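Q: this is a predicted model, with the sequence first.
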Amino acid sequence: MNRYQQYGLIHKGMKTKLTVELGEFTDEAYRRCLVDLTGKSSCKTMNHVELESVIAHLKEHQYLDGPKPRYQPVKTNNPNRPTDAQWRKLAALCYAKGWQGGLKDPALTAFVHRTASVSNVRFLTKVTISEVITGLEKWNAV
């Protein structure tokens, strides 16, 4: 792995770490965290061993896990179940809205409850998921 890939991994992991711990990612907090870990405030001034130690720290605390699998709807022959395209569209709208939990995000669950009177996203039908998608599209357009 070259230095630039290491920089990218560190930046990605630090963004996750600081967002989880502080609720936001700022350059100031990023550099403070680097100083705490290595004594240096920039990845450019670090040597290979220091870069690897930061990456190891982030992996150890699970801030650099691989991508989490996205929600996969259950395959059924029920004609009332939403199609895969509808699930994908709904997930894309969630991420566009900034709901990083995707289809399992509490904000989406609340929106589904208000829009379709369904207690959970998994209980949506073809008709109700269309209503939710339309509502999110209108909301995003504003």
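A: That came through, no problem.
Q: just give me the residue right at the centre of the chain.
A: In the chain, the residue lying closest to the centroid (CA atoms, centre = their mean) is residue 100, at 3.8 Å.
Q: would you map the helices across the protein?
A: With DSSP state H applied, the chain shows helices at 3-22, 27-38, 48-60, 84-97, 106-116, 126-141, listed in chain order.
Q: care to break this structure down by domain?
A: Domain segmentation of the chain under automatic domain parsing yields 3-60, 84-141.
Q: columns distance to residue 77 and mean pLDDT on top of the helices of the chain, output as JSON lines?
A: To be clear about C-beta, it is placed using only N, CA and C from the backbone, and glycine gets the same treatment. Compiled in JSON lines, the helices of the chain are given as follows (distance: least, CB to CB, whole Å; pLDDT from 0 to 100):
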{"stretch": "helix 3-22", "distance to residue 77": "39", "mean pLDDT": "90"}
{"stretch": "helix 27-38", "distance to residue 77": "50", "mean pLDDT": "93"}
{"stretch": "helix 48-60", "distance to residue 77": "42", "mean pLDDT": "93"}
{"stretch": "helix 84-97", "distance to residue 77": "14", "mean pLDDT": "91"}
{"stretch": "helix 106-116", "distance to residue 77": "23", "mean pLDDT": "94"}
{"stretch": "helix 126-141", "distance to residue 77": "14", "mean pLDDT": "93"}
